[in-house]
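Colleague: Structure of the sequence below:
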Amino acid sequence: MNYQISIYLVILVLAVGCSRAFDPQIRTGAHPQLGDGVPEVMFSALAYLDDDNQPVIDTDLDIRYGSLIYRESDGIFTAGVEIQTEVFFVIDASEEEYERVEVMRDTIHVEDGNRRIIDSHEQFSHSDRIPVRPGNYRVVARVTDLNSDQAISRSSNTTVFDPESATPNLTHIKVYGGSLHDPEVVFPLTSYSIPGMADTLTFEYQVTRPPESGPLRVTMQLRQFESDTLPPRRMSAVTPTRGSLQYRGINYNRSEVLESQERILEQETGTITIEYRTSRPSRGNYRFEVEISEVGEDDDPIAFKARDFGSMSNNFPDIVTPRELAKPLVYLMRQSDYREMMSIEDSDSLKRAIDRFWLSHLGNKDQARRVIEMYYERVEEANKQFSNFKEGWMTDMGMMYILFGPPWYVERSLDRMVWIYGYNRNDPRRVFHFQRTRMHSDTRPFEHYILQRHTQYHGVEYEQVQRWLSGAILTRPI
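Modeller: Got it, this is the predicted structure:
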């Protein structure tokens, strides 16, 4: 799919729920910002120390191939982007007083003989290392599509500490993905959602230990948070209550330590680079955290850093395997039939069950092909539009987008959003209200909206499901 519906912008950055969740030392990675005709960009800017122990800012950009505009000539598809990265020294953030200290420009051209490039969810990366002096910085990356001249800007704030300080310190955490099939292939991970191609994760950071300091204890933990991983309730069901996990999304007050490691720095001084490697965990929401403390000083932490991330389905945001194809059918099937289908473990048998489901309702193979294609296009688009702590198709907005398509109109207020599918804004069968679970702030990693359910939606939902199962969705979408 090469279209994007800019009805929803997923906004960065940090997590909420317990004392650590508000800590500015916790990074969550980037979240998609989608718009018509603009490149889809993930951006990270982290302070680090180079081989000469000098402070630098390392920037990483991930750009999705399928978000670019291509031109075709003799079977060759070409696209390109211009990247401008500006680094601002923060003099006074409250007064918006900045000093621009660096501007970097680069151009990247893409050329491919396969038409699939225009819909590809794969990414290419661009990295820079920028020498800086200690202080606070704001880094802005502007990416312009050379064929459409449309641009998007992404920004990140980072603090560069003085490597000559007499106090031990800790950099932010970089995350790299790797493949178990090819250990030589390593790529930076800038987003919250970890793609399925990353079979392994490597967390890399640096600890500074001055020669005069005592031994340091470095404690590392991989923590999993309790989170909602289920498809949403029916439209006519009871709206989740404020205290429920479905409403909160992630409960940062409840977590489980999956892995833990400790290292004592006794002989090493200066800048020590540490790597922690692990397999990509199963679906869920996680935090890798690092804490340093002086040994024998009651272990009071000197510095703390963390990186939050979500592990999604293996081919996210694509839908490829039989199980990935089966799961979104929850919106079209009776619950008993759905449970029976999901109990099938053999992939070939599950694929045959999926085919039987579609063809039993849509006898015409050509019609079935078009309906199936439309349905899974919406599933994949929902993954791109609405993913937060779980895949986008499993959110309330994803459910509504899949069943009804993009709304005709969207109305937003402080904590509400209204999707309207018609000219009459007072028609309860065509107007759907969403409640934002918490006010947005810089400490919130996601936008999370809950559909305000009502018993009157039972008929609306039933009729829409019948449009899908009869094929009428192709000519009468709502």
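Colleague: Next, residue 401: secondary structure please.
Modeller: Assigned by DSSP: H, G, I helix; E, B strand; the rest coil, the conformation of residue 401 is helix.
Colleague: And it, what's its pLDDT?
Modeller: At residue 401, the pLDDT value in this model is 97.
Colleague: which residues touch it?
Modeller: Residues in contact with residue 401, defined by Cβ atoms under 8 Å, 6 or more residues apart in numbering, are 378, 381, 382, 385, 386. Any C-beta I mention is one placed from the backbone N, CA and C, and that applies to glycine too.
Colleague: hmm, try it at 7 Å
Modeller: If a contact means Cβ atoms under 7 Å, 6 or more residues apart in numbering, then residue 401 has 378, 382, 385 as its contacts.
Colleague: Then residue 477?
Modeller: Under the criterion of Cβ under 7 Å, 6+ apart, the contact partners of residue 477 comprise residue 405.
Colleague: try residue 106
Modeller: Contacts here follow Cβ under 7 Å, 6+ apart; on that basis residue 106 touches 83, 126.
Colleague: and it, that's in a strand?
Modeller: Yes: under three-state DSSP, residue 106 sits within a strand.
Colleague: Bridged to it, which residues?
Modeller: Taking DSSP bridges, one finds residue 83 as the beta-bridge partners of residue 106.
Colleague: what number of residues lie near residue 246?
Modeller: When neighbours are counted by other Cβ atoms under 10 Å, residue 246 registers 16.
Colleague: In this structure it contacts residue 227, no?
Modeller: No: Residue 246 is beyond contact range of residue 227, at 10.2 Å (criterion: Cβ atoms under 7 Å).
Colleague: partners of the residue nearest in space to the middle of the chain in the sheet?
Modeller: In the chain, the C-alpha nearest the mean C-alpha coordinate belongs to residue 193, at 3.7 Å (Cα atoms, centre = their mean). When bridges are taken as DSSP bridges, the partners of residue 193 come out as residue 310.
Colleague: residues in contact with it?
Modeller: Contacts for residue 193 (Cβ under 7 Å, 6+ apart) come out as 310, 312, 316, 387.
Colleague: Measure how buried the first one is and give me the count.
Modeller: To tie it back to what came earlier, the one meant is residue 310. Each residue near residue 310 was counted by other Cβ under 10 Å, and the total is 26.
Colleague: what's the spacing between it and residue 28?
Modeller: 9 Å (Cβ to Cβ, to the nearest Å).
Colleague: what touches both of those two?
Modeller: Shared between the contact lists of residue 310 and residue 28 (criterion: Cβ under 7 Å, 6+ apart) are residues residue 192.
Colleague: In the stretch 301-450 of the chain, where is pLDDT below threshold?
Modeller: 438-445 (pLDDT under 70).
Colleague: let's see 80
Modeller: 363, 438-446 (pLDDT under 80).
Colleague: what's in contact with the longest helix along the chain?
Modeller: For the chain, the helix with the greatest residue count under DSSP state H is helix 365-386. Contacts of helix 365-386 from elsewhere in the structure, counted by Cβ under 7 Å, 6+ apart, are 1, 5, 8, 32, 34, 316-319, 328, 358-359, 362, 391-393, 395, 397-398, 401-402, 468, 471, 473-474.
Colleague: Show me how far that helix is from its chain's centre.
Modeller: Averaging C-alpha coordinates over helix 365-386 and over its chain gives two centres that are 21 Å apart (Cα atoms, centre = their mean, to the nearest Å).
Colleague: Stretch 410-427 now?
Modeller: With Cα atoms, centre = their mean as the basis, stretch 410-427 stands 26 Å off its chain's centre.
Colleague: For it, measure first residue to last.
Modeller: End-to-end span of stretch 410-427 (Cα to Cα, to the nearest Å): 15 Å.
Colleague: Go through that stretch and flag the buried ones.
Modeller: 417, 418, 419, 420, 421 (16 or more other Cβ atoms under 10 Å).
Colleague: Next: stretch 356-369.
Modeller: 357, 358, 362, 368.
Colleague: right, and the third one touches residue 471 too?
Modeller: Yes: contact criterion Cβ under 7 Å: residue 362 and residue 471 qualify, at 5.3 Å.
Colleague: ok so, going back, which of the contacts of residue 193 sit farthest apart?
Modeller: Maximum pairwise distance among the contacts of residue 193 (Cβ to Cβ): 9.4 Å, between 310 and 316.
Colleague: where does the nearest residue to residue 187 once chain neighbours are set aside fall, phi/psi-wise?
Modeller: Residue nearest to residue 187 in three dimensions, not counting chain neighbours: residue 177, with 5.3 Å by Cβ to Cβ, 6 or more residues apart in numbering. Backbone torsions of residue 177, given as degrees, to the nearest 10, read phi -100, psi 150.
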